[in-house]
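Peer 1: Below is the structure, and that's it, no one-letter string:
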């Protein structure tokens, strides 16, 4: 039950910010959709791994957290970075296409972890 609430809140947050983001950058519609989907999946994977580590009373929770960060960095450099570098430089709008959904996922991970360790 608890996981369902987190999942629904995460999706609502991503969807509402996506709609706002799309209004400001309509020319990047397809890439915005891809960015949000990839970041939602990464956030859910991170939440799953961290919840699993907490549930198993894993002493290596920091390693799991660092693993999720490494996965996110790999996805950024394999999927987003090459598309951003096509024109030779990365402008602010391109950076925000990745960073806004990434930040939402990161904040939700921190929130879930903080609530678990209270």
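Peer 2: Everything's here; your move. Remember, predicted model here, so these are calculated numbers, not experimental data. Residues are numbered from 1 along each chain as shown.

Peer 1: Find the helix or strand that residue 23 is a member of.
Peer 2: helix 2-24 (DSSP states H and E).

Peer 1: For stretch 91-111, give the mean pLDDT please.
Peer 2: On average, the pLDDT along stretch 91-111 is 80.

Peer 1: so where is this protein shaky, pLDDT-wise?
Peer 2: Filtered on pLDDT under 70, the chain yields the residue ranges 1-3, 5-7, 24-25, 58.

Peer 1: Which stretches in it count as helices?
Peer 2: Assigned helices in the chain, in chain order: 2-24, 29-55, 61-75, 81-84, 92-116 (criterion: DSSP state H).

Peer 1: export those helices to a markdown table and tack on mean neighbour count?
Peer 2: C-beta coordinates here come from the backbone N, C-alpha and C atoms, glycine included. Shown next, in a markdown table, are the helices of the chain (neighbours: other C-beta atoms under 10 Å):
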| stretch | mean neighbour count |
| --- | --- |
| helix 2-24 | 13 |
| helix 29-55 | 17 |
| helix 61-75 | 14 |
| helix 81-84 | 14 |
| helix 92-116 | 16 |
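
Peer 1: picking that back up, what is the helix holding residue 23 packed up against?
Peer 2: helix 29-55, helix 92-116 (3 or more C-beta pairs under 8 Å, 6 or more residues apart in numbering; DSSP states H and E).

Peer 1: and of those helices, who's closest to residue 83?
Peer 2: Residue 83 lies closest to helix 29-55 among the helices and strands packed on helix 2-24, at 7.0 Å (C-beta to C-beta).

Peer 1: Tell me which of the helices and strands packed on helix 2-24 sits nearest to residue 16.
Peer 2: helix 92-116 (9.8 Å).
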